[in-house]
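Asks: Okay, structure incoming, though there's no sequence with it:
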Ligand SMILES: Nc1ncnc2c1ncn2[C@@H]1O[C@H](COP(=O)(O)OP(=O)(O)OP(=O)(O)O)[C@@H](O)[C@H]1O
């Protein structure tokens, strides 16, 4: 039977709320600010400024290219909305931005329908062809003096699946529609430029006029993004800085990660849920590590790569786990690690390797992503290397490493 105390403790735990706006952590949410994408917003503004001044009567085109999670969708949506507002307020010009996902709408027909719906056009009941619908859209824009910017997200899907005539029509629209002011402009969003560069020049030249590249995020950039998203979604002082730093370092492109902000934010969100469930008033490093192992596809790869390690590299790793456990610490000094390594090697009747060799092993463990190292800051005498585990310290990992050590020892005899 569950005791009253346990019931009460449980209910108190579940009332500890860390996350105040869960929706602000959802992948579709577009925040009001996008740290480290300000220059991309500026470049987009530069591309479309002619629409506001009346200088340009042409259909503008820009390609946005970047890996997944680099903020392409969020940046373009935020730009579209802000541009609409500024155009109306400061220039008295009507601009409408429409965002279309070409994975969901991967034919010319579906794209034209989406545009018609977004403009709330009364589409006649008898089915119109996409071409007719585009003409109707253009007439509507002309009558109301509106400029339209269409963001075609995941445009590669359209290019890979639509018939050439459809691609041709969409991008060479003004071969079909005669217009003094070309009112429809495009932002093409792709993950890699291959889908565009493999196209025939007669199509490609109508897509590629200007290219804006989105680089994967560096760890310091991810840190700023996480910090900002934390301030939006979490209650004040409920996320430990070390936890944010860990996510930023795990996914930072300069640290060997993917530079993907989406996974970084997902990890933060899950860590918040884990902490809440456990009744912790604060998201700690351990919550993040556990969230990370549930989400990060790279972790399984790390675990798989452990079986390729040498015996002494594995002993060093096991020594790290032992000291971390014994001291209930997240991080230990290199000196502590070396001492433990020496005694563990002797326990296993192995001759411990020399200091320089141990450093080499540590470098290898770092390279495969199983450990992290950093230099101690002030507060410790001299500078020393601090070592931590990148994976959550769970029983399974410990057992797996012990088993690998036994396999390697056995294969020796
Ligand atoms: N600079 C940033 N500041 C705050 N949040 C960001 C930033 N960049 C990306 N994000 C967030 O990261 C998530 C992924 O971004 P987004 O969907 O824009 O990436 P993407 O490049 O379009 O990815 P995909 O190619 O997979 O569609 C979103 O939740 C977005 O709000």
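Replies: Good, I have the coordinates. It should be emphasised that the depicted structure is a prediction, and the values quoted were computed from it without experimental measurement.
Asks: From now on I want contacts and neighbour counts done on CA atoms only, so please keep to that.
Replies: OK.
Asks: Now do the buried residues in stretch 357-364.
Replies: Residues of stretch 357-364 classed as buried by neighbour count (16 or more other C-alpha atoms under 10 Å): 358, 361-363.
Asks: who's in contact with it?
Replies: 312-313, 316, 338, 371 (C-alpha atoms under 8 Å, 6 or more residues apart in numbering).
Asks: Give me the neighbour count for the nearest residue to residue 316 once chain neighbours are set aside.
Replies: Spatial nearest neighbour of residue 316, excluding adjacent residues (C-alpha to C-alpha, 6 or more residues apart in numbering): residue 341 at 5.4 Å. Neighbours of residue 341 under the rule other C-alpha atoms under 10 Å: 26.
Asks: in a helix, that's where residue 341 is, yeah?
Replies: Yes: looking at residue 341 with DSSP: H, G, I helix; E, B strand; the rest coil, it is inside a helix.
Asks: follow-up on the earlier one: could I get the contacts of stretch 357-364 in TSV, plus columns for secondary structure, neighbour count and distance to the ligand?
Replies: Shown next, in TSV, are the contacts of stretch 357-364 (DSSP: H, G, I helix; E, B strand; the rest coil; neighbours: other C-alpha atoms under 10 Å; distance: C-alpha to the nearest ligand atom, whole Å):
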residue	secondary structure	neighbour count	distance to the ligand
312	helix	20	40
313	helix	22	36
316	helix	23	37
338	helix	20	40
371	strand	18	26
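Asks: Closest one to residue 130 out of the residues you listed, please.
Replies: residue 371 (55.5 Å; C-alpha to C-alpha).
Asks: State the phi and psi torsions of the residue nearest to the closest one when sequence neighbours are not counted.
Replies: Spatial nearest neighbour of residue 371, chain neighbours left out: residue 389 (4.4 Å); criterion: C-alpha to C-alpha, 6+ apart. Residue 389 adopts backbone torsions of phi -100, psi 140, taken as degrees, to the nearest 10.
Asks: Burial check on the closest residue to the ligand within the stretch 301-413 of the chain, number of neighbours?
Replies: Proximity of the stretch 301-413 of the chain to the ligand (C-alpha to the nearest ligand atom) peaks at residue 301, 21.0 Å away. Neighbourhood size, residue 301 [other C-alpha under 10 Å]: 12.
Asks: swap in residue 28?
Replies: 11.
Asks: Get me the contact residues on the stretch 251-400 of the chain for the ligand.
Replies: Proximity of the stretch 251-400 of the chain to the ligand is confined to 261-262 under the rule C-alpha under 6 Å from any ligand atom.
Asks: shaky segments in the stretch 251-400 of the chain?
Replies: Low-confidence segments of the stretch 251-400 of the chain, defined by pLDDT under 70: 297-298, 377-382.
Asks: Strands along that one, start to end?
Replies: For the stretch 251-400 of the chain, applying DSSP state E, counting those that start in this stretch gives strands covering 331-333, 371-375, 385-389.
Asks: what helices or strands is the second one leaning on?
Replies: Secondary-structure packing of strand 371-375 (3 or more C-alpha pairs under 8 Å, 6 or more residues apart in numbering; DSSP states H and E): helix 355-367, strand 385-389.
Asks: what comes up buried for stretch 54-71?
Replies: 58-71.
Asks: Same list, the residues you listed, but only the ones touching the ligand.
Replies: Within the buried residues of stretch 54-71, those near the ligand by C-alpha under 6 Å from any ligand atom are 67-71.
Asks: Please tabulate these in JSON lines and include pLDDT, secondary structure and distance to residue 242 as additional columns.
Replies: Output for these, formatted as JSON lines (pLDDT from 0 to 100; DSSP: H, G, I helix; E, B strand; the rest coil; distance: C-alpha to C-alpha, whole Å):
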{"residue": "67", "pLDDT": "91", "secondary structure": "coil", "distance to residue 242": "27"}
{"residue": "68", "pLDDT": "88", "secondary structure": "coil", "distance to residue 242": "26"}
{"residue": "69", "pLDDT": "92", "secondary structure": "coil", "distance to residue 242": "23"}
{"residue": "70", "pLDDT": "95", "secondary structure": "coil", "distance to residue 242": "23"}
{"residue": "71", "pLDDT": "96", "secondary structure": "coil", "distance to residue 242": "24"}
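Asks: And these, which two are furthest apart?
Replies: Longest span within those, C-alpha to C-alpha: 67 and 71, 9.0 Å.
Asks: any residues in contact with both of those two?
Replies: Contacts common to residue 67 and residue 71, judged by C-alpha under 8 Å, 6+ apart, are residue 214.
Asks: can you redo the helices and strands packed on strand 371-375 as CSV with distance to residue 251?
Replies: Formatted as CSV, those follow (distance: least, C-alpha to C-alpha, whole Å):
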stretch, distance to residue 251
helix 355-367, 14
strand 385-389, 15
